[in-house]
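Student: Here's a sequence, model it:
(2 chains)
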There are 2 protein chains.
Amino acid sequence: MVISINDPLDMHLHLRDETMLDIVAPLSAETFSGALVMPNLVPPVTTKEALLSYRERVLKAAGSSRFEPYMTLFFRSDYTPEFLESVKDEILAVKLYPAGITTNSEGGVSGFDLLELAPVLNAMSDLGIPLCVHGETGGFVMDREAEFIPIYEKLARNFPDLKIVMEHITTKDAVEALKRFENLYATITLHHLFITLDDVAGGLLQPHLFCKPIAKRPEDRMALLDAALSADSKVMFGSDSAPHPREAKEAPGCAAGVFTAPIALQALAQLFDNHGALESLQAFVSDNAKSIYGINPPEKEVVLEKSPYLVPEIYEATVVPMFAGQSLEWRVVSAG
Amino acid sequence: MVISINDPLDMHLHLRDETMLDIVAPLSAETFSGALVMPNLVPPVTTKEALLSYRERVLKAAGSSRFEPYMTLFFRSDYTPEFLESVKDEILAVKLYPAGITTNSEGGVSGFDLLELAPVLNAMSDLGIPLCVHGETGGFVMDREAEFIPIYEKLARNFPDLKIVMEHITTKDAVEALKRFENLYATITLHHLFITLDDVAGGLLQPHLFCKPIAKRPEDRMALLDAALSADSKVMFGSDSAPHPREAKEAPGCAAGVFTAPIALQALAQLFDNHGALESLQAFVSDNAKSIYGINPPEKEVVLEKSPYLVPEIYEATVVPMFAGQSLEWRVVSAG
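Tutor: Numbers count the residues shown, from 1 in each chain, chains lettered A, B, ... in the order given. The predicted structure is shown next:
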């Protein structure tokens, strides 16, 4: 069996910088038409110069004219409307992190005081710049996303013309919140479609599956699967592929993040196939994002075939992917 | 400030075998008067010969005449009353593991069919041998203990004269179940009094705090604390100190277990002190166990002082303890 996916998009991607960027950018560029590139570098991307310079580094590392890095700016409540106007053609979205909630998010937002956030959010709304949000509170790890839902709702209600993307949703609660507000959208990762906390800590502890937000309960995973497999037009694929050097993952104090970019399409094809939902894959990995963000990425046809694909143990002796050393049921035949 | 604890008891202890036994047994023997020694060796302790031989090895490794290893037998539903009668003076309890639920529990019980278990449980009840249970189902990792409560209740109801110890309880549900049945008792570990899942996976991933049952929610920890600090006569200290070589803890596929035996009394003194409950410590670490099990361990007075104690990074270059390299507020002055 063979399928074609046109213009696959990864709407939540960490490409890092320097050596890691050089390793991972080509892997995304190989099979994706474009990706929304996260701005949580050290320091975060908060100026036009940093933005343009990072975009140049990404393009150079990707080494492909058929891969569009859609850039994001790290949310700051002190951005002026003039500044946002001046960068709006260089970015696809602004990404908001609660302070300290994930890798390199120390400079994020500390409270969600609408008075403080309103000037920037109103300017974004006027300029048509979507807001992407890492929606977690500082509460108990299994509750952080559910506790954040009222903040999503407050934002959606108060800024009805602002497109708000709930990033890497992991819970049934978030899937349900999507239905209540027209201007709420969501990305769903590969790993949250596959795993629950059981896979991370239910048997032996698996650091390569440790991520933020942490994988949740079986009923949460089912809700995410339902949304993805039914081609719900408000959800998009966003891998949240987050490479860390092997040493950082395989030691006490393991960093959060699952590296999935190079095996994402193969694993998604397997998942959708196993659920008899291959016809929904095009919407989930491309069409929905095009429509939500209004983008036209470079044309790319990726042909996948149902035949075994052995996932590499490691890339460039540095980054261990999800399913390392395991066999997937689908492989990429060509991408071009 | 100085306190004395008389005859401290650790009513749930993994001493392992061979090199590891030689490393950890003296550490428990130094500050504890006795310990209930778990039988999940490879193969598990299921015969009188294995029991006596393991007891000899433990005594030799402990190297102290003032430390009593209370032995346990690994539950098998095919034990005969005659066999149990023949070992009853050599054991303090029989430990029941659901199959495959934790380290070396593959040979455990697969169902909880009362018809299958009744002959052994009736014989134990007649002989006055307590039953210790690792109470987890094979369900979602955060639910396993709560899902097991009905099985505890079924056992408690059907074998009213059998003392049943819910081992290493981690949930509010288990604390509440204690109150409903006169013949239900429980051990509580050191680490479950200190940590929740947040400490394991809420920030960076901490393999040395990864254990089974997994640390639960803040409200669960509070319920355990309430029971321990109030000197609830049905709960006893059982460290579930479970040493693994450092390599097995600090690699993908990290084994479950927290090594706490050598720092348990110091950490408990700090915890009870910080909660203004030092007067309950004697009951929690000794008196309740003496009364529940009807034992008279070797006399040992442990004097602790409120002054900083730097926990070793590692013991014998092999086992990393809880609080490794950190400072505790209480130290052991003398034990003898």
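
Student: For the rest of this, base every contact and every neighbour count on C-alpha atoms.
Tutor: Will do.

Student: Which positions in chain A make contact with chain B?
Tutor: Residues of chain A lying close to chain B (Cα under 8 Å from any Cα of the partner chain) are A:140-141, A:197-198, A:201-202, A:204-208, A:210, A:214, A:217-218, A:250-256.

Student: one more time with 7 Å, if that's ok
Tutor: Within chain A, the positions adjacent to chain B are A:140-141, A:198, A:202, A:204-207, A:250-256 by Cα under 7 Å from any Cα of the partner chain.

Student: For stretch A:123-133, give me every contacting residue.
Tutor: Here stretch A:123-133 makes contact (Cα atoms under 7 Å, 6 or more residues apart in numbering or on different chains) with A:81, A:92-97, A:161-167.

Student: what does stretch A:3-19 give?
Tutor: For stretch A:3-19, contacts defined as Cα under 7 Å, 6+ apart pick out A:21, A:24-25, A:32-38, A:41, A:236-242, A:282, A:285-286, A:297-305.

Student: And the buried ones among those residues, selectable in ChimeraX?
Tutor: Buried subset of the contacts of stretch A:3-19, written as a ChimeraX selection, criterion 16 or more other Cα atoms under 10 Å in any protein chain shown:
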select /A:21,24,25,32,33,34,35,36,37,38,41,236,237,238,239,240,241,242,282,285,286,297,298,300,301,302,303,304,305
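
Student: In helices, which of the contacts of stretch A:3-19 fall?
Tutor: Counting by DSSP state H, those place A:Leu21, A:Val24, A:Ala25, A:Gln282 in helices.

Student: Now that we have those, can you turn them into JSON lines and tack on distance to A:Asp273?
Tutor: Output for the ones in helices among the contacts of stretch A:3-19, formatted as JSON lines (distance: Cα to Cα, whole Å):
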{"residue": "A:Leu21", "distance to A:Asp273": "32"}
{"residue": "A:Val24", "distance to A:Asp273": "27"}
{"residue": "A:Ala25", "distance to A:Asp273": "27"}
{"residue": "A:Gln282", "distance to A:Asp273": "12"}
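
Student: Please render these as TSV that adds pLDDT to the earlier fields.
Tutor: Shown next, in TSV, are those (pLDDT from 0 to 100):
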residue	pLDDT
A:Leu21	98
A:Val24	98
A:Ala25	98
A:Gln282	98
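
Student: and the biggest strand by length in chain A, how far out from the chain's middle?
Tutor: As assigned by DSSP state E, the longest strand anywhere in chain A is strand A:68-74. Averaging C-alpha positions (Cα atoms, centre = their mean, to the nearest Å) puts strand A:68-74 12 Å from its chain's average.

Student: Show the subsequent helix or strand relative to that strand.
Tutor: Using DSSP states H and E, the helix or strand that follows strand A:68-74 in sequence is helix A:81-87.

Student: mind listing the helices for the stretch 201-336 of chain A?
Tutor: Listed in chain order, the helices of the stretch 201-336 of chain A (DSSP state H, counting those that start in this stretch) span A:218-229, A:246-249, A:264-274, A:281-282, A:288-293.

Student: For those helices, which has the smallest mean pLDDT value?
Tutor: Mean pLDDT is lowest for helix A:246-249 among the helices of the stretch 201-336 of chain A, at a mean of 95.

Student: Tell me how far it lies from the chain's centre.
Tutor: How far helix A:246-249 lies from its chain's middle: 21 Å, per Cα atoms, centre = their mean.

Student: Check which residues of that helix are buried.
Tutor: A:Arg246, A:Lys249.

Student: what does it contact?
Tutor: The set of residues external to helix A:246-249 that reach it, using Cα under 7 Å, 6+ apart, is A:Pro207, A:His208, A:Cys254, A:Ala255, A:Thr318, A:Val319, A:Val320.

Student: swap in stretch A:161-174?
Tutor: Identification of contacts with stretch A:161-174 by Cα under 7 Å, 6+ apart yields A:125, A:130-135, A:146, A:149, A:156, A:183-189, A:192, A:215-216, A:220, A:223-224, A:238, A:240.

Student: So which of the residues you listed sit within strands?
Tutor: A:Leu131, A:Cys132, A:Val133, A:Leu184, A:Tyr185, A:Ala186, A:Thr187, A:Ile188.

Student: What pLDDT does the model give the third one?
Tutor: If I follow you right, that is A:Val133. 97.

Student: Could you measure from the residue nearest to it when sequence neighbours are not counted over to A:Leu13?
Tutor: Leaving out its chain neighbours, the residue that sits closest to A:Val133 by Cα to Cα, 6 or more residues apart in numbering or on different chains is A:Leu96, at 4.8 Å. Separation of A:Leu96 from A:Leu13 (Cα to Cα, to the nearest Å) stands at 15 Å.

Student: how much space between A:Gln206 and A:Asp10?
Tutor: The gap separating A:Gln206 from A:Asp10 is 25 Å, by Cα to Cα.

Student: out of these two, which sits in the busier spot?
Tutor: Shown here are A:Gln206 and A:Asp10; by other Cα atoms under 10 Å in any protein chain shown, A:Asp10 has more neighbours (31 against 21).

Student: The more buried one sits in which helix or strand?
Tutor: strand A:9-13.

Student: Give me the mean pLDDT for that strand.
Tutor: pLDDT averaged over strand A:9-13 gives 98.

Student: and the angle for that strand with strand A:184-188?
Tutor: Interaxial angle of strand A:9-13 relative to strand A:184-188 (axes from the mean of the first three to the mean of the last three Cα atoms, to 10 degrees): 90 degrees.
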